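>>> Make a model of this:
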Amino acid sequence: MKKLVVAMVLLSLASLLIAGGARSESPTTPSGPSDRNGGVLVFARSGDSVSLDPGRETDGESFYPATAIFDTLVEFKPGTTEVQPALAESWDVSADGLTYTFNLRSGVTFHDGTPFNADAVKFTFERMFIETHPAAAFGPYKYWGYMDMSNIVESIDVVSGLQVRFNLKKPEAPFVANLAMDFAAIVSPTAVIAKGADFAFEPIGTGPFKFVQWIKDDNIIVEKNTNYWRRPAYLDRIIFKVIPDATARYLALQKGEVDIIDFPSIQDLADMQTRSGIKLINQEGLNVGYLAFNNDREPFGNKLVRQALNYAVNKQEIIDAVYGQAGTAAKNPIPPGMWSYNDDVEDYPYDPAQARALLAEAGYPNGFTTTIWAMPVVRPYNPNGRKVAEILQANFAAVGVQAEIVSYEWGTYLDKTDTGEHDMALLGWTGDNGDPDNFLNVLLSIPAATPPAGNIAFWRNEEFNDLIQQAKEEPDQARRTALYEEAQVIFKEEAPWITLAHSLVYSAMRDEVMDFVLYPTGKRVFYDVWLNE
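As a prediction, the model looks like this:
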């Protein structure tokens, strides 16, 4: 499978770098064809961003516009998880894998006219982990914490104006790939200090598009950066338009009011495939949708209860009703196309009688009362949070567990689950770098259970945690695979989640939209997109 191939390429690169002395060189910057039309592209999506500072956020809706506004030191080649240079032209790694030195591009400026340099890189990252940093208070910088980066990065040194060095506390196999993720986008120090907390809503980066306007729950507008260090983007403007209902998004596409729609309804796919003037693309999603049990709330600290509710769920009913042809039932916390996926793990079958028996053994023969939190937006790993919650509610009621459905506005939902206010919550993940660490460590490690938490199950298993920590420091992929496979066995036995589904990701667009590519990491990148009007 394509994801498996690119992931193996990425990890081979990571292993080579850890081995020492490796150096990556930048490809020649393309000039691009001159006959590709600009114009305004309207991208319709299901929900609004939480903020536009990618260091602060973790959700795709926030990253979509931020990816256009900011650059990273390294980036993924379009449609893959293979790393290539970006703001860093090249890098060197010490033999012990503890020092990464990045050689930066010259002549790059932020949208406010200030220069990009090593000081900007140092500022960007140090704000996330140095408590006395002048921008530390503008966080929290959630993703940094999710990935336990403070226990990886020791310090950052400015070697010269265009050279910066990261000193690590311990080897980190996916370190370079981590720096291609959105949270590692380089910000303008001048703008951050001047704007303070408002920077998250008036962002300044070095990217191919500049921020123009944000009308909350309506649209975000960005425009072409004519001074971009590569050739300028083809599009003059992008409007990120919020249309929560999938059917309404499709109607807007048919009327020509929008150019691309994100996450079309599964029920509309057949029509899109045959409708003149519209094209449909898809990509195997590097994702998983799940229901997390809050282990800090009773009765979910009891493994028997968690196992019982796994037995209570009819996953096929959820796939048929919500995902259709785009979904497959999930048994592991990583997707099946990812290296180290343990296919020998056996899922909990749908068995209400066994669920009732385990509840009785756990001390709940008559069930209990609880809540299910349902996501208010469409995500690639869950096309309809409310519908999934309703099916889960009915499944649980059949074994005596009465669950009220709760929901909030998207940003509030994320904040509240980050701090553990839920009993059970629907959420999911799209991998950001093609490495199992980005699922198992970010979503299930002990450090990630500290608010604001990536581990919203607040599950803390020492044996599991030791395995995944060993794996992320291990340069040999075969050994890493064995460690991750063992960790997945523990995960399944302990059942901190109900793993629900993996899905294909679809986007539909007018025929005139050219070179829009879906990334397995869930990115939406518009730099190469043009309109064939």
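
>>> separation between the closest residue to P299 other than its chain neighbours and N295?
The shortest distance from P299 to any non-neighbouring residue, by C-beta to C-beta, 6 or more residues apart in numbering, is to V305 (4.7 Å). (C-beta placed from N, C-alpha, C; glycine too.) The gap separating V305 from N295 is 10 Å, by C-beta to C-beta, to the nearest Å.

>>> And P451, by the same measure?
14 Å.

>>> The two: which is more packed in?
More crowded of P451 and N295, by other C-beta atoms under 10 Å: N295, with 22 against 14.

>>> Following the chain past the host helix or strand of D119, name the next helix or strand.
D119 is part of helix 118-126 when elements are defined by DSSP states H and E. Using DSSP H and E, the helix or strand that follows helix 118-126 towards the C-terminus is helix 142-146.

>>> which residues sit in contact with the residue nearest to P299?
By C-beta atoms under 8 Å, 6 or more residues apart in numbering, the residues touching V305 are F293, P299, L358, L359, A362, Y364.

>>> can you give me the helices for the stretch 51-200 of the chain?
60-69, 118-126, 142-146, 175-178, 189-195 (DSSP state H, counting those that start in this stretch).

>>> In terms of secondary structure, what does the first one contact?
If you count contacts as 3 or more C-beta pairs under 8 Å, 6 or more residues apart in numbering; DSSP states H and E, helix 60-69 packs onto strand 40-45, strand 209-215, strand 219-224, strand 237-242.

>>> at 10 Å instead, please
Judged by 3 or more C-beta pairs under 10 Å, 6 or more residues apart in numbering; DSSP states H and E, helix 60-69 is in contact with strand 40-45, strand 209-215, strand 219-224, strand 237-242, strand 260-262, helix 410-418.

>>> Quick one: the ones you listed as TSV, columns for mean neighbour count and distance to G434 too.
Compiled in TSV, the helices and strands packed on helix 60-69 are given as follows (neighbours: other C-beta atoms under 10 Å; distance: least, C-beta to C-beta, whole Å):
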stretch	mean neighbour count	distance to G434
strand 40-45	22	24
strand 209-215	18	25
strand 219-224	21	27
strand 237-242	21	25
strand 260-262	26	21
helix 410-418	19	24
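
>>> how about JSON lines for those, with distance to P174 and mean pLDDT added?
Converted to JSON lines, the helices and strands packed on helix 60-69 look like this (distance: least, C-beta to C-beta, whole Å; pLDDT from 0 to 100):
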{"stretch": "strand 40-45", "distance to P174": "28", "mean pLDDT": "98"}
{"stretch": "strand 209-215", "distance to P174": "28", "mean pLDDT": "98"}
{"stretch": "strand 219-224", "distance to P174": "29", "mean pLDDT": "98"}
{"stretch": "strand 237-242", "distance to P174": "29", "mean pLDDT": "98"}
{"stretch": "strand 260-262", "distance to P174": "27", "mean pLDDT": "96"}
{"stretch": "helix 410-418", "distance to P174": "23", "mean pLDDT": "95"}
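
>>> Which one, of the ones you listed, ends up nearest to G139?
helix 410-418 (12.3 Å; C-beta to C-beta).

>>> just checking, next helix/strand downstream of that closest one?
Beyond helix 410-418 on the C-terminal side, the first helix or strand identified by DSSP H and E is strand 424-430.

>>> TSV please, covering the helices of the stretch 51-200 of the chain and showing mean pLDDT.
Below are the helices of the stretch 51-200 of the chain laid out as TSV (pLDDT from 0 to 100):
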stretch	mean pLDDT
helix 60-69	95
helix 118-126	98
helix 142-146	90
helix 175-178	94
helix 189-195	98
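
>>> Mean neighbour count and distance to D271 for those - can I get that in a markdown table?
Output for these, formatted as a markdown table (neighbours: other C-beta under 10 Å; distance: least, C-beta to C-beta, whole Å):
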| stretch | mean neighbour count | distance to D271 |
| --- | --- | --- |
| helix 60-69 | 25 | 25 |
| helix 118-126 | 21 | 45 |
| helix 142-146 | 22 | 38 |
| helix 175-178 | 24 | 38 |
| helix 189-195 | 18 | 45 |
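
>>> between the ones you listed, which gets nearest to A487?
So among the helices of the stretch 51-200 of the chain, helix 142-146 is nearest, using C-beta to C-beta, at 17.1 Å.

>>> which helices and strands sit right next to the closest one?
helix 410-418, helix 437-444.

>>> which residues are contacting it?
With contacts defined as C-beta atoms under 10 Å, 6 or more residues apart in numbering, helix 142-146 is touched by 54-59, 125, 127-129, 139, 149-150, 152-153, 178, 181-184, 414-415, 418, 432, 438, 441-443, 445, 447-448, 450-455.

>>> Quick check: nearest residue in space to Y381, chain neighbours excluded?
Y381's closest residue in space is G428 (C-beta to C-beta, 6+ apart), at 3.1 Å.

>>> hang on, that neighbour packs against P380?
Yes. The pair G428 and P380 qualifies as a contact (C-beta atoms under 10 Å) at a distance of 7.8 Å.

>>> which neighbours do those two share?
In contact with both G428 and P380: G285, N287, G289, H502, S503, using C-beta under 10 Å, 6+ apart.

>>> Give the buried residues for stretch 444-457.
Residues of stretch 444-457 classed as buried: L444, S445, I446, P447, A448, A449, P452, A453, G454, N455, I456, A457 (neighbour count, 16 or more other C-beta atoms under 10 Å).

>>> So which of those belong to helices?
L444 (DSSP state H).

>>> Just give me the closest of the buried residues of stretch 444-457 to F110.
P452 (27.5 Å).

>>> quick one, what contacts the closest one?
By C-beta under 10 Å, 6+ apart, the residues touching P452 are 56, 58, 139-143, 145-146, 414-415, 417-420.

>>> Can you add distance to L392 and give the helices and strands packed on helix 60-69 back as CSV?
Listed next are the helices and strands packed on helix 60-69 as CSV, based on distance: least, C-beta to C-beta, whole Å:
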stretch, distance to L392
strand 40-45, 25
strand 209-215, 34
strand 219-224, 33
strand 237-242, 27
strand 260-262, 25
helix 410-418, 16
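
>>> Quick check: V322 vs P520, distance?
For V322, the distance to P520 - C-beta to C-beta - is 21 Å.

>>> Looking only at neighbour counts, state which of the two leads.
Set V322 next to P520 and count neighbours by other C-beta under 10 Å: P520 wins out with 26 against 23.

>>> how close does the more buried one get to F439?
13 Å.

>>> Could you point out which of the helices of the stretch 51-200 of the chain sits nearest L162?
Closest among these, using C-beta to C-beta: helix 118-126, at 6.2 Å.

>>> Remind me what the closest one packs against, helices and strands.
Using 3+ C-beta pairs under 10 Å, 6+ apart, helix 118-126 sits against strand 99-104, strand 153-160, strand 163-168, helix 189-195.

>>> circling back to that earlier point, from the contacts of V305, which ones fall inside strands?
Counted as lying in strands by DSSP state E, out of the contacts of V305, are F293.
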